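Trainee: fold the following, please.
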Amino acid sequence: MSRLLHISKQFSLPLELVTESQAILAKKGAGKTYTAMVEAEEMLKAQQQIVAVDPTGAWWGLKSSADGKSAGFSIPILGGEHADIPLNEDAGELVASAIIENRFSAVLDLGLFRKNAMRRFMTSFLEKLYHSNREALHLFIDEADLFAPQNSRGTDEVLIGAMEDIVRRGRVRGVGTSLISQRPAVLHKDVLTQCEVLVALRMTHPLDIAAIRLWAGVHGAPGELKELESSLPTLVNGEAWFWAPAEAYGIFRRVQVRQKETFNSSATPKPGERAVKPKTLAEIDLDKLGQSIQQMAVRAKENDPNILKRQIAELKRELTKKATVNVLTSDARPVHPTPPAYPDLRAEVKALQNREKKLLGVIGKLGNTARSLADTCAEAATRVESGASITPLAPAVTVQSPPHVRVPSAPVSSRRPSDCAESNGNLTGPEQRILNAIAWMEAVGVPQPEQPAVAFLAGYTFGSGAFNNPKGKLNQRGLIHYLSGGRIELTTDGRALSTVPGIPTDTSGLQNAILRKLPGPERRILKVLIDAYPKSLSAEECANRAEYAPGSGAFNNPRGKLRSLGLVEYPGNGEVRARNILFLD
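Mentor: Down below sits the predicted model:
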């Protein structure tokens, strides 16, 4: 396996570029995507895994030779007009999981998606790739300014945070990234300046050249910048500066990039010329892509509205053809009898139309349901691996509490919830779990917990009927009291019916018991704050230590959840700190 990526006969890059971050910048038509494809060819020849995110449908030519007469690389095209497998906008996490688990290269053609659909797909794809990948993989992101715009909307924060994570910290997880853009001026600078390698082709716009200057201010030397900047407007197509000032590379070269070895599917059509199509494409072994991708392909084809529309149109044409057949009499005079009925055919057309309408309404919801189920399964798997029970509250284990932890004033029953339901007031399962959750909080020093914390510990969603209905019945029966500020407490009767799981007698045991109950993001943030205690951290520092983008929803939402659970507090403006109830010593 070659340790070099041959960009021209005279110039090569080290194979380590696979896990490095680079920016490939040029004006339209100067050869930025072409250059990226040459690098992709070299990585594939070196048996490295690549993924190309393609919003314009330009990368499918990797599957054929330059002249189109023989096969190229056996790389599947997911989505787009040349799809080996159709792609759904809600399948980002599923696709990332399949790529990580089965280690295959792929082109993700998003060309048939609208911009919002592209962003939804990329958000879940990038977050899953960043958090789960651990082997070498290079990610080419064409038109990168679509996913990390300088002037972002509020809805772009999570996506930009994911882009920054993958570019800034992806290397330690095996992910290298190439950001490809014709407008570096509108590419988010917090993302652009994190790239260690710059590939600059022809550029003329002052604002785009200013973005190069900004990058050089972080990474380069003034003398080299002056030479590069003065030549940018006069570079010919395919001519590029490769600039990697880092000590490990020390590269500053002006290079004419070699010709592609695969079909140039990114070429701009010329007026009067017929588009050339390759005659031979590499075959794709779907078995190697994993069962989840194969199932996705089958479902996408079965539920594709375009396929259903074609079926409906064909049936309508057949119906019209049969209904307009003229029946002639023996003397050749045209007769127009009552058209024959085709009840089965009409019923089939109507059934297909109804199916199409329902599918269009349901397909969007399936993605949300799948993501929710995936999150639930992932969380359950995490708890099983850590040795924690996935039951909301375990049966009682008698453990003496330390003197500085508040213990319920009345004796606590050691019977199981099912026993209590039969002999202590006929409590239902949900009612018993809510009582147990309040008693658990009381036993660790929070006698009047907030209701979101109780709902979480009991295994319910705060505000849902599954939580509110049994909670209301407990209040009616005098087993709990509602307090101001959305808090709640046990009455003496409620405490007598509660069952408290074993309470750890040291700080480490208490913290581990609480961390096991938290989802991944909340658990990661709380660990950071526990390590910093008794100091508070700024929100920005906390996000950085937890490896989230400061200000992003991926950080702010779980941080707010921890505060609602009573596990962290905000001691000052923009600060966050673990609460002292987490420390028994």
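
Trainee: spell out the residue ranges of the helices in the stretch 351-500 of the chain.
Mentor: Ranges of helices within the stretch 351-500 of the chain are 417-423, 429-443, 451-458, 465-476, 492-497, based on DSSP state H, counting those that start in this stretch.

Trainee: any idea how far the shortest one is from the chain center?
Mentor: The chain centre lies 45 Å from the centre of helix 492-497; the measure is CA atoms, centre = their mean, to the nearest Å.

Trainee: can you get me a residue count around the closest residue to residue 221 other than its chain neighbours?
Mentor: Nearest non-adjacent residue to residue 221, counting by CB to CB, 6 or more residues apart in numbering: residue 245, 6.7 Å away. Using the backbone N, CA and C atoms, a C-beta is placed for each residue, glycine as well. By other CB atoms under 10 Å, the residues close to residue 245 number 17.

Trainee: tell me who's in contact with residue 245.
Mentor: 219-221, 224, 251-252 (CB atoms under 8 Å, 6 or more residues apart in numbering).

Trainee: before we move on, what about residue 547?
Mentor: 165, 169, 524 are the contacts of residue 547 under CB under 8 Å, 6+ apart.

Trainee: let's go with 6 Å and repeat that
Mentor: For residue 547, no residue meets the contact criterion (CB atoms under 6 Å, 6 or more residues apart in numbering).

Trainee: measure it to residue 460 for me?
Mentor: 30 Å (CB to CB, to the nearest Å).

Trainee: where does the stretch 151-300 of the chain dip in pLDDT?
Mentor: Filtered on pLDDT under 70, the stretch 151-300 of the chain yields the residue ranges 154-155, 247-248, 291-292, 294-300.

Trainee: again, only this time at 50
Mentor: Within the stretch 151-300 of the chain, no stretch has pLDDT under 50.

Trainee: so where do the strands sit in the stretch 101-250 of the chain?
Mentor: Under the criterion DSSP state E, counting those that start in this stretch, the stretch 101-250 of the chain contains strands at 106-109, 137-141, 175-181, 197-200, 239-244.

Trainee: so what strands line up beside the helix or strand following the last one?
Mentor: Going back to what we said before, that points to strand 239-244. Once strand 239-244 ends, the next helix or strand along the chain (criterion: DSSP states H and E) is strand 251-256. Paired strands of strand 251-256, with direction, are strand 239-244 (antiparallel) (DSSP bridges).

Trainee: who touches the partner strand?
Mentor: Outside strand 239-244, the residues touching it (CB under 6 Å, 6+ apart) are 35, 197-201, 228, 251-257.

Trainee: rebuild these as TSV, extending it with neighbour count and distance to residue 184.
Mentor: What follows is the contacts of strand 239-244, written out as TSV (neighbours: other CB atoms under 10 Å; distance: CB to CB, whole Å):
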residue	neighbour count	distance to residue 184
35	25	15
197	21	14
198	25	10
199	25	11
200	27	9
201	24	11
228	21	13
251	17	19
252	17	19
253	14	20
254	15	19
255	19	19
256	17	22
257	22	19
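
Trainee: of the residues you listed, closest to residue 515?
Mentor: Nearest to residue 515 out of the contacts of strand 239-244 is residue 197 (CB to CB; 38.9 Å).

Trainee: tell me the contacts of that closest one?
Mentor: Applying CB under 6 Å, 6+ apart, the residues contacting residue 197 are 20, 22, 244.

Trainee: can you do 7 Å?
Mentor: Going by CB atoms under 7 Å, 6 or more residues apart in numbering, residue 197 touches 17, 20, 22, 244.

Trainee: and these as a markdown table, adding neighbour count?
Mentor: What follows is the contacts of residue 197, written out as a markdown table (neighbours: other CB atoms under 10 Å):
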| residue | neighbour count |
| --- | --- |
| 17 | 22 |
| 20 | 21 |
| 22 | 25 |
| 244 | 23 |
